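Peer 1: Curious how this folds, go ahead:
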Amino acid sequence: MYRCLIKDFETRPSVTHLLEHPFIKQAHGKDTLLRQQLSVLIREQQDVGSRTKTRHERINTRKTLIIESCPDDDLVNLELLDEETIIAHLQKRYQDLQIYTYVGDILIALNPFQNLSIYSPQFSKLYHGMKRSTNPPHIFATADAAYQSMVTLCKDQCIIISGESGAGKTESAHLIVQHLTFLGKANNRTLREKILQVNPLVEAFGNACTAINDNSSRFGKYLEMKFTPTGAVMGAKISEYLLEKSRVIKQATGEKNFHIFYYIYAGLYHQDNLRKYKLPNKTAPRYIDCVNGKVMQDIISSKLYKEQFDAIQDCFRIIGFTEEEVNSVYRILAAILNTGNIEFASASSQHQSDKSEVPNSEALDNAAALLSIGSEELQEALTSHCVVTRGETIIRTNTVDKATVVRDAMSKALYGRLFSWIVNRINALLQPDTNICAAESGMNVGILDIFGFENFKKNSFEQLCINIANEQIQFYFNQHIFALEQIEYQSEGVDVSLVEYEDNRPILDMFLQKPMGLLSLLDEESRFPQATDQTLVDKFQDNLRNKYFWIPKRVELCFGIQHYAGQVLYNVSGFLEKNRDTLPADIVVVLRTSENRLLQQLFSSPLTKTGNLATSRARVTAASRSLPPQLNSGRNKSPKYLLKVDTMEMMRHPEETTNMRRQTVASYFRYSLMDLLSKMVVGTPHFVRCIKPNDDRQALRFNKERVMVQLRYTGILETVNIRRQGYSHRILIQEFVNRYYYLAFRAHQMPEGSKENAIIILQKAKLDYWVVGNTKVFLKYYHVEQLNLMLREVIARVVLMQAYTKGWLGARRYRREREKRRNGAVVIQSAWRGHVARQNLKLIKREREQAAVQIQSVYRGYRVRKDYKQSRQWTGQPSSKRSSTNHSPDEKVVSVSADSGIGSSDASVPKTDKQSDSRERAPLSKQGPTLKLHQHRSPRRRGQQPKLLNSPEDSLYYNHLNRSLDYQGSKRKPRKLGQIKLLDGEDEYYQLLSTIEAVPEEDVLTGTSPNPTSTPPTISSR
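Peer 2: Here you go, the predicted structure:
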């Protein structure tokens, strides 16, 4: 019986075979009993929640799909509200693998540190368009709420995911994109696949392994999914902020470089392509080599890296990158790894003692070959730099330390611009099709996945920027949840008790305000060439005097910040150099001369205010200008090298060396925060708070103290209070009435936007705990969802009525059109049948005429042969039997051919003129029986058709007669051919014909007589 469960249709048994099975035969007539037993069995399995395994498949009970919600799903419903109760409640749910919990409309997600089977397509269907309280809390429910709000309210939405590093923000973003792609199913399946491949590809280049997270985001990502007004996904756009480029050249202890370097190294190793990209196969490059030196062993033995490399290749292919572009990306990555292996040594000369050189040029040549530039030009750019002073260019050599800094700056610039180009290329390949929907009419759902709050043993400039960004996100949360809501309570006259919360605005002011903020002081100190890390600390201590900043005692080059999430101690070493992020113009010019088109584009396009590569290709005006002639002096090299240097120097310009003002990383960071906030403010926010249950990344381990700290600094307790007491949705009265008047008024009515109408709508909807202010309607967090569901039901009924009406109209229109087409078909058929009948009639006539001609031809041939035989018989008789009587000149002989007509024969008889003929008739009749000729022409009756002349003799006669008539000029014209009657012997034109030999008298007398007893008459001529 288990064979019927086989999914392969070819091997699955047919119904007839199943009916013949003994089990089915035994069940015949026992339908009621079997139904009862089956229902009992299903109920038992649902209670147990077990899985029944079969030989081929697994039969899942409905336990995994039937999920019931309970009041404990929302912390707002708790009777006793304090920290201990919330912690105990979250711990109990976490032990039951209920990792999601609501705080009103805010979702709390605890990282389970294991894979759960609650993200399948069945769960996506389960949370599609359902009421929030119908199912347990889920990340899909938050995504569905944002999607339904976008479609219903026609407004952009924003999902903000926040939490510490390792709390599960990246995975939550993946799940939200997965569910939004499911909800916005478009006809283009390829587009959905492309969108799903965006996050894995970008994270391979932007994520890395840290001390507390194996897949930590080292950049800020804001993904905008674009939808049509009907809710179909039509494109996507990704924005990246503040990539941690310093990780390319150096990683802290226990951390790794970006994932892509290990993926590409393992993939090329297993494909035996390391030599193609000039990578060593025994020792790992310096940029990815760790302290223990086990990188190559991990690359060779680990299957994860190779599988991830194959997945990245599939991502490139599915999204739409060409093979040439992917190959260029791999070459640049390999060039970065080879650049890290370039080493410098000091070289003293007669005039200079701090000059650097490259003792081993293997890595230099490999990097130059992969970048498609000259190795000598690259070495010159690394070991020297140009300085323009007073119109003169001075070439100065770099020390070993300076050359190392330039090398690392080049590597960081290569990787940072390559990452920006990949993001821009993805946006170009996923941009909406204007033929489907205009960009202005589309709507967006933004997903923010930013690096989490970090507090390591040693925190540097990167951690400072990350934590400032998290401060900004926390401030946005506080403003939206607490500040703005309570300000509107006071302005609208709503009596609600105010909730106290921790406002972090003073901390943000300390960081971002001008000119005395921390970032402004850092930029100011970075402009001084002689500034040091100690001078920076002193400047901070002199100007930042508040409770959130302090200098620890007996710790050099450090300062502390009291963040919203706790105290963090920062090490100032390298702050100034990282903030400057200087890339010498010599390196830029050399890279612009590359034969690689991608590399040319990377360093020809300008950078935006956020530090990213501009999308449109910029005009390289500075590179197209030539320098003064004095730039060509100062380099003493071979003539061949001078030619290359001249070409390079033609690309230089003073504005790209010392005179050009460069942006600092702090300024890029400031603009990035502004750009990010401008995108978040546009949409309606939905918050997801990710909580890290323990620091050991162990499954089902709940650390109360660790969770308590996160709940405190995220303000969960205050959030529960304000969601219980306050009104999270505040809608203008006019907008509220226009949106929901269907619930209380008829569709054709347009009520005014007054308080009375708003109250009528709320009462009809049977809602409670609502307040109508002066200009706005204040609703609980669950009211809007209930109103939207009721409105959706009403609209569904309207749509159903419209569907029936349109169906009826369409059917009537179809019947009319069908009748027209049927009548038209009848007309066409009638015309065609008439045409076919006429063609058939013509064919039949043609066939009959051909048959008649053939019959006539055969019959005439027969008559001609017969007459010919008779004439031969006549000519073969003896001369004695022939008549020797001579005819008188006045006597005429009329000879009529036997072929002159069908069915008639002509006789040759002598005739005189008309009078003599009349005189001879009587004696002949009196003398005895009259002569009956063998062939005699019967007279034509009146109305009878004339005899047809179709024989050759008749034609000859007619032609001769015509020529004679034309010669005499007679006006008498005979009838047409075929209608000429035989002329009488007395006709005056008959005499003009040529003499035709008369039939001998003997032949006439010997002819067969109709009366055989009569004697042949005697004809006498006078």
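Peer 1: Let's see the pLDDT reported for Glu244.
Peer 2: pLDDT, Glu244: 91.
Peer 1: again with Leu116
Peer 2: 90.
Peer 1: In contact with it, which residues?
Peer 2: Residues near Leu116 by Cβ atoms under 8 Å, 6 or more residues apart in numbering: 97, 99. (Each C-beta comes from the backbone N, C-alpha and C, glycine too.)
Peer 1: and it, that one's in a helix?
Peer 2: No: using DSSP: H, G, I helix; E, B strand; the rest coil, the assignment for Leu116 is coil, not a helix.
Peer 1: For it, give its distance to Ala232.
Peer 2: Leu116 sits 29 Å away from Ala232, going by Cβ to Cβ, to the nearest Å.
Peer 1: Also Lys842?
Peer 2: 62 Å.
Peer 1: And the contacts of the helix or strand harbouring Ser678?
Peer 2: Using DSSP states H and E, Ser678 falls within helix 665-682. Applying Cβ under 8 Å, 6+ apart, the external contacts of helix 665-682 come out as 156, 158, 160, 220, 222, 224, 239, 241-242, 446, 448, 461, 465, 468-469, 472, 476, 512, 519, 522-523, 526, 578-581, 609-611.
Peer 1: do the same with stretch 176-192
Peer 2: Outside stretch 176-192, the residues that touch it by Cβ under 8 Å, 6+ apart are 119, 121, 124, 127-128, 139-140, 142-144, 146-147, 159, 161, 195-196, 198-199, 223, 225, 227, 231-235, 318, 430, 445, 447.
Peer 1: Quick one: distance of stretch 579-586 to the chain centre.
Peer 2: Centroid separation for stretch 579-586 versus its chain: 40 Å, with Cα atoms, centre = their mean, to the nearest Å.
Peer 1: quick one: average pLDDT of that stretch?
Peer 2: For stretch 579-586, mean pLDDT rounds to 89.
Peer 1: what does stretch 488-495 give?
Peer 2: Stretch 488-495 comes out at a mean pLDDT of 82.
Peer 1: sorry, back to before: quick one, which of the contacts of stretch 176-192 are buried?
Peer 2: Buried members of the contacts of stretch 176-192, scored by 16 or more other Cβ atoms under 10 Å, are 119, 124, 127, 139-140, 142-144, 146-147, 159, 161, 195, 198-199, 223, 225, 227, 231-235, 430, 445, 447.
Peer 1: And the host helix or strand of Gly861, what does it pack against?
Peer 2: Here Gly861, judged by DSSP H and E, is contained in helix 783-875. If contacts are counted by 3 or more Cβ pairs under 8 Å, 6 or more residues apart in numbering; DSSP states H and E, helix 783-875 sits against helix 139-153, helix 733-740.
Peer 1: Out of those, which is closest to Ser356?
Peer 2: In terms of Cβ to Cβ, the element of the helices and strands packed on helix 783-875 nearest to Ser356 is helix 139-153, at 54.1 Å.
Peer 1: Quick check: phi and psi at Leu201.
Peer 2: phi -70, psi -50 (degrees, to the nearest 10).
Peer 1: what do you get for Gly452?
Peer 2: phi -80, psi 170.
Peer 1: ok, it - how many residues close by?
Peer 2: The local packing of Gly452 (other Cβ atoms under 10 Å) involves 27 other residues.
Peer 1: Mark which of the contacts of stretch 176-192 are part of strands, please.
Peer 2: 159, 161, 223, 225, 227, 233-235, 445, 447 (DSSP state E).
Peer 1: need those residues in TSV with pLDDT, can you?
Peer 2: TSV is the format used below for the ones in strands among the contacts of stretch 176-192 (pLDDT from 0 to 100):
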residue	pLDDT
Ile159	95
Ile161	93
Leu223	94
Met225	93
Phe227	92
Val233	91
Met234	90
Gly235	90
Val445	95
Ile447	95
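Peer 1: Tell me the one among the residues you listed nearest to Asp272.
Peer 2: Nearest member of the ones in strands among the contacts of stretch 176-192 to Asp272, counting by Cβ to Cβ, is Leu223, at 36.7 Å.
Peer 1: That closest one: what's it in contact with?
Peer 2: Per Cβ under 8 Å, 6+ apart, neighbours of Leu223: 173, 177, 198-199, 236-239, 446-447, 449.
Peer 1: Looking at these, which is nearest Ala211?
Peer 2: Nearest to Ala211 among these, counting by Cβ to Cβ, is Asp449 at 20.3 Å.
Peer 1: how near is the closest one to Gly168?
Peer 2: 11 Å.
Peer 1: Remind me which helix or strand the most centrally placed residue in the chain belongs to.
Peer 2: Centroid check for the chain by Cα atoms, centre = their mean gives Leu191 as the closest residue, at 4.0 Å. Take DSSP H and E as the rule and Leu191 turns out to sit in helix 189-206.
Peer 1: C-terminal to that helix, what's the next element?
Peer 2: Following helix 189-206 in sequence order, the next helix or strand is strand 207-208 (DSSP H and E).
Peer 1: tell me the mean pLDDT for that following strand?
Peer 2: For strand 207-208, the mean per-residue pLDDT is 93.
Peer 1: One more: stretch 457-477?
Peer 2: Here the average pLDDT along stretch 457-477 is 91.
Peer 1: Return the alpha-carbon coordinates of it using CSV.
Peer 2: What follows is stretch 457-477, C-alpha atoms only, in CSV (Å, rounded to 0.1, in the frame of the first residue of the first chain):
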residue,chain,number,x,y,z
LYS,A,457,39.1,43.8,25.1
LYS,A,458,40.7,46.3,22.7
ASN,A,459,38.4,48.7,21.0
SER,A,460,39.7,50.9,18.2
PHE,A,461,38.4,53.5,15.7
GLU,A,462,36.2,51.0,14.0
GLN,A,463,34.4,50.1,17.2
LEU,A,464,33.9,53.8,17.9
CYS,A,465,32.1,54.3,14.6
ILE,A,466,30.0,51.2,15.0
ASN,A,467,28.9,52.1,18.5
ILE,A,468,28.0,55.7,17.4
ALA,A,469,25.8,54.2,14.7
ASN,A,470,24.1,52.0,17.2
GLU,A,471,23.6,55.1,19.4
GLN,A,472,21.8,56.8,16.5
ILE,A,473,19.6,53.8,15.9
GLN,A,474,18.7,53.7,19.6
PHE,A,475,17.9,57.4,19.5
TYR,A,476,15.6,56.9,16.6
PHE,A,477,13.9,54.1,18.5
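Peer 1: now Glu756: how far from Phe549?
Peer 2: Taken as Cβ to Cβ, the span from Glu756 to Phe549 is 55 Å.
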